[in-house]
Structures are given as C-alpha cells and as structure tokens.
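*Asks:* starting from these lines, generate the structure:
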Amino acid sequence: MIIAIPGIIGTMDVTNLMVTHASSDDDDDENNKDPLNEVCYRSGFNDGEQSKAYNQTAFSQCGVNDRDYYEGFISGCIVGHGMECFACTQKAK
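*Replies:* Prediction:
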C-alpha cells in the first residue's frame, strides 16, 4: 500500500495541472470553446506521453498565443514518464 501512495500523489498533481489548463488560460469564452484548443492539447499530450520530440510545427499551427500544444506536451511528459515539470519543460525546448 505504501508503494501506491507516491503514484496516487503524482497522479493528483497531473490532474491538477490538466484541470488548471481547462479552466484558466484566456478569459475569452470563444477561445475556450474552440475545438482546435482540445485537438492541440491532446496532440501535445500524446507526443509528451509517448516520448516523441516536441513538435514545433504543431505548436505553430495551434497559434502563437495559444499554449495548448505546449501545456499538453508538458502534462503528457509528466504522466508518461513521472518526470517533474522542469525536466519536461527542458524536453520542450
């Protein structure tokens, strides 16, 4: 049971990061309803989780001001590899 606790705590941190992504960013309601935001986030999440390279082209296609691909990549990296946010941010450069 003790071994399961760090995994649960790590999952809680990632869940908080994902919820933060969904509820913050811009105050513009139209931007938050854009299906492209979810597609970009999911694409970044999958790339990060599967240890793929950070895709600058996908990031650019998602828009300069939208951080959905980047935030998805960081979340996927944390979930897929149990790395800290700082280490995942370094992979995104």
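*Asks:* show me where this protein dips below the pLDDT cut-off.
*Replies:* Applying pLDDT under 70 to the chain flags residues 1-33, 64-65.
*Asks:* tell me where it has helices.
*Replies:* 4-23, 29-33, 35-49, 56-61, 68-81, 85-91 (DSSP state H).
*Asks:* and the third one, what does it pack onto?
*Replies:* If you count contacts as 3 or more Cβ pairs under 8 Å, 6 or more residues apart in numbering; DSSP states H and E, helix 35-49 packs onto helix 56-61, helix 68-81. Heads up, the C-betas are built off the backbone N, CA and C, glycines and all.
*Asks:* wait, residue 80 sits on residue 52?
*Replies:* No. Residue 80 lies out of contact with residue 52 (Cβ atoms under 8 Å); the separation is 10.0 Å.
*Asks:* which one's more surrounded, these two?
*Replies:* residue 80 (17 against 14; other Cβ atoms under 10 Å).
*Asks:* residues touching that one, list them.
*Replies:* For residue 80, the contacting residues are 48, 49, 50, 51, by Cβ atoms under 8 Å, 6 or more residues apart in numbering.
*Asks:* now swap in residue 91 and tell me
*Replies:* With the criterion set at Cβ under 8 Å, 6+ apart, residue 91 makes contact with 48, 54, 73, 77.
*Asks:* residues in contact with the second one?
*Replies:* I take that to be residue 54. Contacts of residue 54 (Cβ under 8 Å, 6+ apart): 47, 73, 91, 92, 93.
*Asks:* what about the closest residue in space to the fourth one that isn't next to it in sequence, distance to residue 78?
*Replies:* Residue nearest to residue 92 in three dimensions, not counting chain neighbours: residue 54, with 4.6 Å by Cβ to Cβ, 6 or more residues apart in numbering. Counting by Cβ to Cβ, to the nearest Å, the separation of residue 54 from residue 78 is 14 Å.
*Asks:* number of residues surrounding residue 35?
*Replies:* By other Cβ under 10 Å, the residues close to residue 35 number 7.
*Asks:* ok, residue 34 next?
*Replies:* 14.
*Asks:* can you start the count at 11 instead of 1 from here on
*Replies:* Shifting the count to begin at 11 puts that one at residue 44.
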